[in-house]
Structures are given as structure tokens and as C-alpha cells.
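J.: Dropping a prediction and its sequence here:
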Amino acid sequence: MSTQDHAAASTAVAYELGASRTLWELVTRRAELSPDVPVLIQAADNPVDDRSLTFGQLRTRAERTAAGLYAQGMRPGQTVAWQLPTRIETVVLSLALARLGVRQTPLIPGHREREVALAVRATGAGWYAHPGQWHGTDYAALAERVNRRYEHAPRAFTAYNTLPEAPPGPPSALPPPPADGTAVRWIYWTSGTTSEPRGVRHTDRSLIAGGSCLAHALRLRPDDVGSIAFPYAHIGGPDYLVMLLLYGFPAVLFEKFAMPGALAGYRRHGVTTAGGSTAFYSMFLAEQRKQPHRRLLPGLRLLAGGGAPKPPELYHEVVAELGCRLTHGYGMTEAPMITMGAPDDTPEQLATTEGRPPPGMEIRITTPDGEPLPPGHEGEVRLRGEAVCQGYLDADRTAEVFDADGFLLTGDLGRLLESGHLVLTGRSKDVIIRKGENVSAKEIEQLLYEHPAVADAAVIGLPDPERGERVCAVVEQPPGAGRVTLAELTAYLREEGLATYKLPEQLEVVEALPRNETLRKVLKYKLRERFG
């Protein structure tokens, strides 16, 4: 069979697997097709410590872990919060929970007790899995602090130490796997215009649909080697895993991504397609420029990502200097794959648009009152499709963001071209996207307002070549207060339990925040103009 015929056959299988009802069904079917093919490769600092798992081993270990959890009292329908780094064991645990049919709420390792307590309280989680000591943070102590905030404390356990390798009961003792792929069994967290993160309700089918859309758009092949260098607890984690299951190729996992240390892992395992946000593109470019006459990653054929704005010039720099293709897309926690650039798009389309929506994803550009607009006109971006979430834990908020036709109001502004490509032009919601993570300005503002040296505060996102956007706090001070510093405010926010990635990186002290003359609302666009 020729390479082209093999790729076509693989694509046909991927489309057929994409019809799986549940994530566990997809795992099982791929394990039957490719039991001995690697799926997860853990890159370690020392090459001799690298580890890997095949599709067959992934299914077996996940089912054995599910049996161990079941023997410890975990039951279908319960809720489990887990806050774990990007490791093989994390994927195994998540799939074990999927096999059991529990509801799981992944939390990125950067969250602290404020966010963890909110997730536990809002979901009613009875279990909380953490990594113990990891990169300077004591998560067992964090769990204790969470329990002090929450009267119905979840059962906390160190995932990598207390889960038995050989559970006391055989997998045959497990109840049947879940069959309903439309039941809400995933709660992901996102920050928007509200002061607190919101729980986003997903199903197995919405995650499979999102991963399927991404995989097909990128024209992936069985001989590809991918990479997961971002937190697996992000919505992009299952998105990427679904791609591996559909096309039967492996990905290299990086527990803690940092340049230039990660490059050895990319080279050692022959990564052909890498992803992330705009910040990842910039980091690869910075390393390439240290040795411009030697290709940084000889095997890399495709960079693909999203989650943050992409300047057109960055596209051209990546293609020219890294010697690979770059496809950028548009996604959000509520709909992990909305549009994606395709490798056969023109350079102009890849540089200036977010790509096209896949089959099954409808995009409608509307006026503020919901009236559809024709191609070329800027308006609100609304979505409808299987990959779109089932709303939020807050039913009132859900009612606010879905219109009468079932379209999700994204809060983004854009226009559709005649070709079907989407151009994003701004955001109507007050959210900062830093390295692909959403940061709520209002959450930080409310905490800053409680500081004695702050009379009022406005938090804005400013363009940043490495992060996409950086967090800038602009504050007024009360009369007689000593000049507040960035270090002082970030230390205070840390003490309040705010995640590190949300901390302001720039502080501006002003005599008075600009406001309108009616409701005295802060005019943030003026701050962006002044400090950006």
C-alpha cells in the first residue's frame, strides 16, 4: 500500500472511530486496532528515565486503576476533582474515571486554594486527587487548606502513591462502562467577565467531537509524533488525546515545559507536530534564532495551536525560520475546537485568519440583538455544534449565553469571509488571554480593591510578543498612602490564594482612572491606549 493509500485508509478509520458514543468506547476500539503501538511517551530530563505506554497498555492500566478506585469506594455518579501535572499516570487516572462513569473536574496545577475550593464546592466533589509535593508546592497542605474552606471536605489522596498497582478486585468486578455519551461527566473551568471562574459542562461526545474536528483539520498521519507540552488538565488535554486515539499515533508528554531543556525530548523522539499557544511559537523562534543556520527541530513539519491572538508577522517568521508549517485556530473552554487553519490554506489565509469551522460547527455573525449578518460584516460570534458545551454549572449564566436558536454567545467579535474563514477582530467580554489561559480581570480587581493601599483598580490585558497578552494592573491610591509596588501587590494576591499565572506583570499607578460621565464606568480602552 502506498503512503497516500495508507493515509487515506487511516483517515477513514479515524472518521469511523469518531462516531464512538463514549471516550471509553473509543479507548477500547483503538486498543483492539493498535494494541502494540505507542500512545504516550514521557520525556524525562535523563533519557534513561523516559517511559512509554501502548494503546493496549493504556486500556489495561486504566481499567485496573478503575477497579482499584471502585474497591476503595468510588462509584459511578460521584464527582472527582483532580489536580495533576502532565504525566502518563494522569491520563490513566482520567480514563479510569471515564471507565467508571464518574463526573470529573480537572484542575490545572497552577490553581491554588481559592480556585480549588470553588471547584470542590460548586461540583460537590467527594474526592480530590493531587500529586503530593510537586515543583515546590505541597498539594497535601493545599488540600488541608481547601478543607478548612469547605465544610463537606472531599477525600483527598496522592494519586501517584496511594493508587494500588494491582487492585484487590479484578476488572471483571467493575460495573458496565457508561453507554450514554451525552451525559455531563466533565466540568472544566474558565475565567470570563465574572469575578469567579465558571464551571463548563462537557460530555464525552462534545470532547470527542472537538478532538475529531482538530484531528481532521490538521491532516494528521499514523506516522506522526505529537507533543503535549501544556497542562493535561486544560480542555486541550482530551482534545489531543482524542486525536491520538483516532489516528493511532503517539505524543510526547512534558511534565514541565521549559526552553531550551525540552528540545532534547522533541529531538530524541522525533516530534513531527507540536502545539500550544502563541507563546509556544515565540519560544521556538527564540531558540531557533540562537543558531539561525541549524534547523532547531529537523523532524518538525507542523506547528498548530490557538488560545491567544496570533500576529500575522509571527506566522511568516515561523514558516521562514523554523522551516515548518503553522496552522492557528480558535477555541475556548466552552467549545475546544471552533475553527482551524488547514495545511493547504494559502499563506494569506493562515497568517490573517483563524481558519474555517469543520463540518458540524456552525458560526453565525450577528448584530448585538442576534440578527445574522452577511459575510464580510463584523459582529458578534455565535456557535452551534456537537463540540459546544452544555452550558455552565450556573443555570442562570447558561440562559444568558445561549440564544433562542441554541447558539452560544462567545463574547468575541469577528467576521466571516466568503471562503468561510473567520477573522477575529476583538472581544466584547473583559477577559485576558495569557499563554492560552483565560484570566478574569474582575476577579483580580475585586481582590486588589481590598488592599489598604488601593482605592480602585482596573486590570487590563496588553499585547505581549511572548505571552499573547500580559496582565497589567492600573490602580488609584487613597490620599496619604505610600507608593505601592508590584512586588507588594503580587505578594498580597499570592496570600489570597490567587493562581500564579493570574498575577499582574505590570503595575501602573494613576491619579484617577478614566471614567465615563454617566455611570462612572472605567474606560479600559483608554488605559489600553495609554499603556499598550
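T.: Structure's in. What do you need?

J.: same for the helix or strand containing G461, what does it pack against?
T.: Counting by DSSP states H and E, the element that carries G461 is strand 456-464. Using 3 or more Cβ pairs under 8 Å, 6 or more residues apart in numbering; DSSP states H and E, the elements in contact with strand 456-464 are strand 431-434, helix 441-449, strand 468-476, helix 524-531. In this view, the C-beta of every residue, glycine as well, is placed from N, C-alpha and C.

J.: Now mean pLDDT, distance to G414 and mean neighbour count too, for those, in CSV please.
T.: As requested, the helices and strands packed on strand 456-464 are exported to CSV (pLDDT from 0 to 100; distance: least, Cβ to Cβ, whole Å; neighbours: other Cβ atoms under 10 Å):
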stretch, mean pLDDT, distance to G414, mean neighbour count
strand 431-434, 86, 15, 22
helix 441-449, 88, 21, 20
strand 468-476, 94, 17, 22
helix 524-531, 90, 18, 14
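
J.: so which of the ones you listed gets nearest L245?
T.: Among the helices and strands packed on strand 456-464, the nearest to L245 by Cβ to Cβ is strand 431-434 (28.0 Å).

J.: what about the closest residue to A159 other than its chain neighbours, which helix or strand?
T.: Nearest residue to A159, sequence neighbours excluded (Cβ to Cβ, 6 or more residues apart in numbering): A129, at 4.2 Å. Here A129 sits within strand 127-130, counting by DSSP H and E.

J.: just G199 next, same as before
T.: In the assignment (DSSP H and E), G199 maps to strand 198-203.

J.: which residues are in contact with that strand?
T.: 105, 119, 122-123, 181-192, 235, 333-334, 389-394, 397 (Cβ atoms under 8 Å, 6 or more residues apart in numbering).

J.: Domain parsing of this protein, as residue ranges.
T.: For the chain, the structural domains run 3-204, 305-427, 433-531, going by automatic domain parsing.

J.: Quick one, which of those domains gets closest to L214.
T.: Closest among the domains of the chain, using Cβ to Cβ: domain 305-427, at 4.6 Å.

J.: From the chain's centroid, how far away is that closest one?
T.: On the basis of Cα atoms, centre = their mean, to the nearest Å, domain 305-427 sits 16 Å off its chain's mean C-alpha point.

J.: Over to stretch 57-70?
T.: The mean C-alpha position of stretch 57-70 is separated from the chain mean by 25 Å, Cα atoms, centre = their mean.

J.: avg pLDDT for it?
T.: The pLDDT scores in stretch 57-70 average 93.

J.: residues near P375, how many?
T.: 12 (other Cβ atoms under 10 Å).

J.: Which strand or helix spans it?
T.: Using DSSP H and E, P375 is not contained in any helix or strand.

J.: still on that earlier bit, how about the residue nearest to A159, what does it touch?
T.: V80, A81, W82, Q83, L84, L93, A156, F157, T158, A159.

J.: Check what pLDDT it gets.
T.: 96.

J.: Show the contacting residues for L422.
T.: Counting by Cβ under 8 Å, 6+ apart, L422 touches 330, 338-339, 353-357, 363, 381, 414-416.

J.: do that again at 6 Å, thanks
T.: T339, E354, G414, L416 (Cβ atoms under 6 Å, 6 or more residues apart in numbering).

J.: from those residues, which has minimum pLDDT?
T.: The minimum pLDDT among the contacts of L422 falls on G414, with 91.

J.: how many neighbours does that residue have?
T.: So G414, with other Cβ under 10 Å, has 21 neighbours.

J.: pLDDT below threshold where in the stretch 51-200 of the chain?
T.: Within the stretch 51-200 of the chain, the ranges that satisfy pLDDT under 70 run 161-169, 191-195.

J.: Ok, the stretch 401-532 of the chain next?
T.: Looking at the stretch 401-532 of the chain by pLDDT under 70, you get 429, 516-520.

J.: Give the residue farthest from the middle of the chain.
T.: Within the chain, the residue lying farthest from the chain centre (Cα atoms, centre = their mean) is G480, at 43.4 Å.

J.: Please identify the helix or strand for it.
T.: Per DSSP H and E, there is no helix or strand for G480.

J.: and if you look at L413?
T.: Per DSSP H and E: strand 408-416 holds L413.

J.: I'd like to know which elements that strand is packed against.
T.: strand 379-385, strand 422-427 (3 or more Cβ pairs under 6 Å, 6 or more residues apart in numbering; DSSP states H and E).

J.: Past the first one, which element shows up next along the chain?
T.: Reading on from strand 379-385 to the C-terminus, the next helix or strand found by DSSP H and E is helix 395-401.

J.: got the CA coordinates for that next one in CSV?
T.: Provided in CSV are the C-alpha atoms of helix 395-401 (Å, rounded to 0.1, in the frame of the first residue of the first chain):
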residue,chain,number,x,y,z
ALA,A,395,-28.1,27.7,35.2
ASP,A,396,-28.8,31.5,35.1
ARG,A,397,-25.5,32.1,33.3
THR,A,398,-26.3,29.3,30.9
ALA,A,399,-29.6,31.0,30.0
GLU,A,400,-27.7,34.3,29.3
VAL,A,401,-25.2,32.8,26.8
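
J.: And the contacts of that helix?
T.: G391, Y392, L408, L409.

J.: same deal with stretch 17-35?
T.: Against stretch 17-35 from outside (Cβ under 6 Å, 6+ apart): 55-56, 59, 95, 98-99, 177-178, 181, 204, 212, 245-246, 248.

J.: which of those residues lies closest to G73?
T.: Closest to G73, out of all of the contacts of stretch 17-35 and judged by Cβ to Cβ, is R99, at 16.1 Å.

J.: Give the full set of residues in contact with that closest one.
T.: Contacts of R99 by Cβ under 6 Å, 6+ apart are W24, A62, E63, A66, P177.

J.: Just put those residues in TSV and tack on neighbour count, secondary structure and distance to E313.
T.: Output for those, formatted as TSV (neighbours: other Cβ atoms under 10 Å; DSSP: H, G, I helix; E, B strand; the rest coil; distance: Cβ to Cβ, whole Å):
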residue	neighbour count	secondary structure	distance to E313
W24	25	helix	44
A62	26	helix	44
E63	25	helix	49
A66	27	helix	48
P177	18	coil	49
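
J.: Spatially, which two of these are the most separated?
T.: A62 and P177 (10.7 Å).

J.: For R30, give its distance to S10.
T.: 12 Å (Cβ to Cβ, to the nearest Å).

J.: Also I460?
T.: 46 Å.

J.: Then N438?
T.: 34 Å.

J.: Secondary structure class of the closest residue to F531 other than its chain neighbours, three-state.
T.: Closest residue to F531 apart from its sequence neighbours, by Cβ to Cβ, 6+ apart: E508 at 5.6 Å. Secondary structure for E508, judged by DSSP: H, G, I helix; E, B strand; the rest coil, is strand.
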